[in-house]
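Peer 1: any chance you can model this:
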Amino acid sequence: MRSGNSQESQRTGFFERVYEIVEQIPPGMVASYGQVARLIGEPRKARFVGFALHVNPRPDEIPCHRVVFADGRLADGFAFGGQEAQRQLLEDEGVPFTDDGRVDLSRGQWPAGIEQ
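Peer 2: Numbers count the residues shown, from 1 in each chain. Here you go, the predicted model:
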């Protein structure tokens, strides 16, 4: 019989892998949830990337504001001040936005793991 600790350690390991990747996103760039999931070898777990970032234990070190939806939309439920706070943090770093309020991924997406 499996203990709950095994499941907890798997989740903790997943979350830590997410944080390690997100810490690598440079200022002025963004990655999508799916991109982060692919980079940690879990391409079908973009939603779980969001769960990990929502409980980010070190928001001053792990720049979760640099992770957006695949179409450039910001997270409605950004855990550290809401969507406007996320946009302000990104704008302060020089992330480009389109007229409809999405991140301009053609100019601001981190290229790691992106097939060219």
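
Peer 1: now the residue nearest the centre of the chain: phi and psi?
Peer 2: The centre of the chain sits closest to residue 67, judged by Cα atoms, centre = their mean, with a distance of 3.0 Å. The phi/psi pair for residue 67 (degrees, to the nearest 10) reads phi -110, psi 130.

Peer 1: isn't it right up against residue 36?
Peer 2: Yes: counting by Cβ atoms under 8 Å, residue 36 is a contact partner of residue 67 at 6.1 Å. From N, CA and C alone the C-beta is placed, and that goes for glycine too.

Peer 1: that's a strand at residue 59, yeah?
Peer 2: No: counting by DSSP: H, G, I helix; E, B strand; the rest coil, residue 59 falls outside a strand, being coil.

Peer 1: quick one: classify the nearest residue to it once chain neighbours are set aside as helix, strand or coil.
Peer 2: Among residues not flanking residue 59 along the chain, residue 80 sits closest, at 5.3 Å (Cβ to Cβ, 6 or more residues apart in numbering). Under three-state DSSP, the three-state class of residue 80 is coil.

Peer 1: any idea how many residues pack against residue 24?
Peer 2: 14 (other Cβ atoms under 10 Å).

Peer 1: now do residue 101
Peer 2: Considering only other Cβ under 10 Å, residue 101 is surrounded by 11 other residues.

Peer 1: for residue 31, see how far away residue 83 is.
Peer 2: Distance, residue 83 to residue 31, using Cβ to Cβ, to the nearest Å: 17 Å.

Peer 1: likewise residue 79?
Peer 2: Here residue 79 is placed at a distance of 17 Å from residue 31 (Cβ to Cβ).

Peer 1: please say which of those two ends up with more neighbours.
Peer 2: residue 31 (26 against 16).

Peer 1: so that one sits in a strand?
Peer 2: Yes: Residue 31: assigned to a strand according to three-state DSSP.
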